[in-house]
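**Q** I would like the atomic coordinates for the input below:
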Amino acid sequence: MSDAPVPAHSLLRAMFDAAVAAAQPARCLPPHLPAPPRGRTLVIGAGKASAEMARVLEQHWSGELSGLVVTRYGYTVPCSRIEIVEAAHPVPDAAGMAAARRMLALVDGLSADDLVICLISGGGSALLALPADGLDLADKQRLNEALLKSGATIGEMNCVRRHLSAIKGGRLAAACHPARVVSLLISDVPGDDPVDIASGPTCADRSTCADALAVLRRYAIEVPPNVRAVLESGRGESVKPGDARLAGNEVHLIATPQMALEAAAAVARAAGVPTHILGDSIEGEAREVGIVMAGVARQVATRAQPFAPPCVLLSGGETTVTVRGNGRGGRNVEFLLSLAVALGGLEQVYAMACDTDGVDGQEDIAGAFMTPHTLERALALGLRARDSLANNDGHGFFQALGDSVVSGPTLTNVNDFRAIYIAAAPGA
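**A** Predicted coordinates for the structure are as follows:
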């Protein structure tokens, strides 16, 4: 990024790095490991952080151990006792479906003396895809693509996924019965509800097939008759609270978006910049959130309300994008592009928005930076920010400016990271 003062750029990047570091399995997983059982210890799991979680578990487990976890392509790490397989995200593929089938086979026939450690993180919904009876992988793929473009919240999407799955919504834990199940979760969802993390394969689910149908109606998502039949017949009902097969199971949130934001805030405060966390579970259309955040940043910069500059405004959560164009983007760059348009080149304001897993949308780009001169520099290249926003082309826009953030696989996932730095006015 060529036009921002080095302190603004370096501060924002250091905060992002601290947020990611706070959610690393090496830091947050070991304190939550259970005692070894009398019988076998089997490890299963899914998510963008699951492979790194498995490696850390291996490093801290001296007894017998075996298992299988599935992670995103490119996110594997070497393990000696736990098998790591890769699959597609965010649209599922045959590799993920095969891994889900193998996982159910592995947990079949366990005893009450056995222990299952389930390692779950964001991305598991797509990676652990096993269609319910009467559905096939193509049905799941088409539905996932429609949900991703619809503007539905992650909770709404996962409600639908749970009721069209043979492994989510508590079904994986039920299949482990009578073994003890301990689930270690890295949260990537607003509110940190375990049933929404990877669609809750080991968690009881209060939502119903009727709720899933309501989501489809709300977003006018057309589904084929076989998909609708699973929901309307009730065949897709998930495992409910009070089910005896889940009695005694434990669920532990080992890393959350709030923890990551607090770590980022500590970095800014150590640099002498007051920092304010506006929320760890902000949802809504990314471009609308960008407009709202621009209004707050403008009030800080011009009125010193509700905070005086210099300061940093931090937020997390998971926004959505209703895709209407054919550009390349993700919710973080969509937010940042909307923020830039709404600010109109306001001096003093810099921002960074990234996904903590290193993937914003479907590309290996974490997010981007924005500066007071973003719009001016874009115009010099023949780019109009409003046109790029209308085309959902955040990646194309920020890549042309050289302001994309490419972190590579972070091996964790605690959702979106948004930081707005409002510098002190010149001469202040």
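**Q** tell me where the model's unsure across the stretch 101-250 of the chain.
**A** Nowhere does the stretch 101-250 of the chain drop to pLDDT under 70.
**Q** in it, which spans are helices?
**A** Along the stretch 101-250 of the chain, counting by DSSP state H, counting those that start in this stretch, helices occupy 124-127, 137-150, 154-162, 171-176, 209-218, 225-232.
**Q** okay, the ones you listed in JSON lines with distance to Q348 and mean neighbour count next?
**A** The way it works is simple: take the backbone N, C-alpha and C, and place the C-beta from them, glycine included. Shown next, in JSON lines, are the helices of the stretch 101-250 of the chain (distance: least, CB to CB, whole Å; neighbours: other CB atoms under 10 Å):
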{"stretch": "helix 124-127", "distance to Q348": "40", "mean neighbour count": "30"}
{"stretch": "helix 137-150", "distance to Q348": "35", "mean neighbour count": "18"}
{"stretch": "helix 154-162", "distance to Q348": "33", "mean neighbour count": "25"}
{"stretch": "helix 171-176", "distance to Q348": "50", "mean neighbour count": "25"}
{"stretch": "helix 209-218", "distance to Q348": "40", "mean neighbour count": "17"}
{"stretch": "helix 225-232", "distance to Q348": "51", "mean neighbour count": "16"}
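**Q** minimum distance to V323: which of these has it?
**A** helix 137-150 (4.1 Å; CB to CB).
**Q** from the contact counts, what lies against the closest one?
**A** Here helix 137-150 touches helix 154-162, helix 225-232, going by 3 or more CB pairs under 8 Å, 6 or more residues apart in numbering; DSSP states H and E.
**Q** in a markdown table, list these along with distance to A266.
**A** A markdown table is the format used below for these (distance: least, CB to CB, whole Å):
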| stretch | distance to A266 |
| --- | --- |
| helix 154-162 | 27 |
| helix 225-232 | 46 |
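**Q** please name whichever of the ones you listed is nearest to L343.
**A** Closest among those, once you apply CB to CB, is helix 154-162, at 27.1 Å.
**Q** now the closest one: how far from the chain's centre is it?
**A** 13 Å (CA atoms, centre = their mean, to the nearest Å).
**Q** identify the residues contacting that helix?
**A** With contacts defined as CB atoms under 8 Å, 6 or more residues apart in numbering, helix 154-162 is touched by 125, 143-144, 147-148, 152, 168-169, 189-191, 193, 195-196, 199-200, 205, 207, 211-212, 215-216, 218-219, 238, 283, 318, 320.
**Q** that helix to helix 209-218, inter-axis angle?
**A** Helix 154-162 runs at 120 degrees relative to helix 209-218, counting by axes from the mean of the first three to the mean of the last three CA atoms, to 10 degrees.
**Q** report the angle between helix 154-162 and helix 137-150.
**A** When the same axes, to 10 degrees is applied, the directions of helix 154-162 and helix 137-150 differ by 170 degrees.
**Q** gap between the residue lying closest to C209 once chain neighbours are set aside and G124?
**A** Among residues not flanking C209 along the chain, L231 sits closest, at 4.5 Å (CB to CB, 6 or more residues apart in numbering). From L231 across to G124, the span is 22 Å (CB to CB, to the nearest Å).
**Q** how about A87, phi and psi?
**A** phi -150, psi 180 (degrees, to the nearest 10).
**Q** an error on my part: the question was meant for A98.
**A** The phi and psi values for A98, taken as degrees, to the nearest 10, are phi -60, psi -40.
**Q** tally of neighbours for it?
**A** Other residues lying near A98 total 16 when counted by other CB atoms under 10 Å.
**Q** next one: L375
**A** 20.
**Q** residue contacts, it?
**A** Contact analysis of L375 by CB under 8 Å, 6+ apart lists 340-341, 344-345, 385.
**Q** could you do T275 as well?
**A** Neighbouring residues of T275 by CB under 8 Å, 6+ apart: 264-265, 268-269, 311-314.
**Q** redo that, cut-off 10 Å
**A** Contacts of T275 were listed using CB atoms under 10 Å, 6 or more residues apart in numbering, and they are 15, 261-262, 264-269, 307, 311-314, 419, 421.
**Q** domain parsing for the protein?
**A** 6-21+258-422, 25-255 (automatic domain parsing).
**Q** gap between M259 and T356?
**A** Counting by CB to CB - M259 and T356 are separated by 11 Å.
**Q** model confidence at A4, what's the number?
**A** Each residue has a pLDDT score; the one for A4 is 45.
**Q** quick one: the strands in the stretch 151-300 of the chain?
**A** Along the stretch 151-300 of the chain, counting by DSSP state E, counting those that start in this stretch, strands occupy 180-186, 250-255, 275-282.
**Q** out of those strands, which gets nearest to E334?
**A** Closest among the strands of the stretch 151-300 of the chain, using CB to CB: strand 275-282, at 13.8 Å.
**Q** for that closest one, buried residues please.
**A** For strand 275-282, the neighbour count (16 or more other CB atoms under 10 Å) marks 275-276, 278, 280-282 as buried.
**Q** what's the nearest residue to L12 once chain neighbours are set aside sitting at in phi/psi?
**A** Excluding the flanking residues, the one nearest L12 by CB to CB, 6+ apart is M352, at 4.1 Å. Note on M352: backbone dihedrals following degrees, to the nearest 10 are phi -140, psi 130.
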